[in-house]
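Undergrad: okay, here's the prediction I keep looking at, along with the sequence it came from:
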Amino acid sequence: MPLIAAFAVGCILAQIGWSLAAGDVSVLGNSTFRFAMLACIEIVVALAAFAGGLSAGSRGDPDALGIKSVGVAFFSGVLTLTVAGAPYSLVPRLVPGDAQHFILIVAAALVSAFLGALCGAAFRVR
């Protein structure tokens, strides 16, 4: 469970950082609510994918991972949202409309599942 929490904190901090860097944060408005909902969905999907990858990589026992893996899980969260969150904030849209959001959510899921499996396999206590 501490790995999932560390991953979540990394995701949230990266999302905030990229939003501030791009100037996407405004005080009130419809676009802010829409962006917040997109960020929440993206983070929840990334968390689920990371947990699945972590469980697969650690062969079903993610609690048996060493303490060093907590830092790696945090940076995995940062990396996931840098790959999926930064393009939303800083790069022009590839696809018009809401399809771009779907692409970014799928990208976050794929990256976080890969990083979860890598973290689980690398830090498995033998």
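TA: That came through fine.
Undergrad: who does the lowest-mean-pLDDT helix or strand in the chain touch, helix- and strand-wise?
TA: Lowest mean confidence among the helices and strands of the chain (mean pLDDT, DSSP states H and E): helix 68-90, at a mean of 77. Helix 68-90 sits against helix 2-22, helix 30-57, helix 99-122, with contacts defined as 3 or more CB pairs under 8 Å, 6 or more residues apart in numbering; DSSP states H and E. (C-beta placed from N, C-alpha, C; glycine too.)
Undergrad: tell me the gap between it and the middle of its chain.
TA: With CA atoms, centre = their mean, to the nearest Å as the basis, helix 68-90 stands 5 Å off its chain's centre.
Undergrad: now what about that helix, what contacts it?
TA: 2-4, 6-15, 18-19, 21-22, 24, 38-39, 42-43, 46, 50, 54, 100-101, 104-105, 107-108, 111-112, 115-116, 118-119, 122-123 (CB atoms under 8 Å, 6 or more residues apart in numbering).
Undergrad: quick one: low-confidence ranges for the chain?
TA: Scanning the chain for pLDDT under 70 picks out the ranges 22-32, 60-66, 85-93, 97, 124-126.
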